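S.K.: here you go, sequence then predicted model.
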Amino acid sequence: MGKLVLRRSEFLRPLEDMMDEVVNHFNDDFFASPARLLEGMRHKAYPKINIRQSDNSLIVEASVPGLKEEDLKVTLEEDLLTIAGKKKATSGDTADDSFYIRELSMSEFSRSIKLNRAIVGNTINASLNDGILKLVLPLQEDRNTSNVKEIHITK
């Protein structure tokens, strides 16, 4: 009966390959240019947003497909706008379910945007239509505001 003999190099090859991959990922991330790092962060931000300015207001549109008004919380503190929410798991899921692939699950998110403009807090309009959250933030001339507002979302 023959013996199975593994040479050290064959035995450790998978571990060496894995370590090489870890080191390469570290080097790619750690020594990346600031522009490349910012580009990667921009694509990971959720929700995706557009901000534009009209004559007297900022208009913020955020893509939040599948969410309802009660799943979202929008706040404005000074000039920091925060959009937060919770994506719920698909209905009908039970602990006994066995998935082949599971990409739809419960998760929470929060994204804050510094507006650098004073907003008239008591006249903010927020609506949710076809997965797009739209905020109309009236601009204020003076910047002497120091209050926190939670913004109510309507259909």
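M.R.: Here it is on my side, so go on.
S.K.: got any ranges where this structure has weak pLDDT?
M.R.: Applying pLDDT under 70 to the chain picks out residues 1-11, 25-45, 89-96, 103-105, 142-149.
S.K.: could you chop this protein up by domain?
M.R.: If you go by automatic domain parsing, the domain ranges for the chain are 1-44, 46-151.
S.K.: list the contacts of the spatially closest residue to I49 that is not a sequence neighbour.
M.R.: For I49, ignoring the flanking residues on the chain, the nearest one in space by Cβ to Cβ, 6 or more residues apart in numbering is A62 at 4.7 Å. For the C-beta atoms, the positions are set from N, CA and C on the backbone; glycine is no exception. Residues near A62 by Cβ atoms under 8 Å, 6 or more residues apart in numbering: P47, K48, I49, I83, R111, I132, L133, L135.
S.K.: of those, which is the nearest to D71?
M.R.: For the contacts of A62, the minimum distance to D71 (Cβ to Cβ) is 10.4 Å, reached by L133.
S.K.: give me the contact list for the helix or strand harbouring the closest one.
M.R.: L133 belongs to strand 132-138 when assigned by DSSP states H and E. Residues from elsewhere that reach strand 132-138 (Cβ under 8 Å, 6+ apart): 47, 56-64, 72, 74, 76, 81, 83, 115, 119-120, 123-128, 151, 153.
S.K.: can you flag the buried ones in the residues you listed?
M.R.: 47, 57-58, 60-62, 64, 72, 74, 76, 81, 83, 115, 119, 124, 126, 128, 151, 153 (16 or more other Cβ atoms under 10 Å).
S.K.: now do the strands in the chain.
M.R.: With strands called from DSSP state E, the chain shows them at 49-53, 57-63, 72-77, 80-87, 107-114, 125-129, 132-138, 148-151.
S.K.: that concludes my questions; thank you for your assistance.
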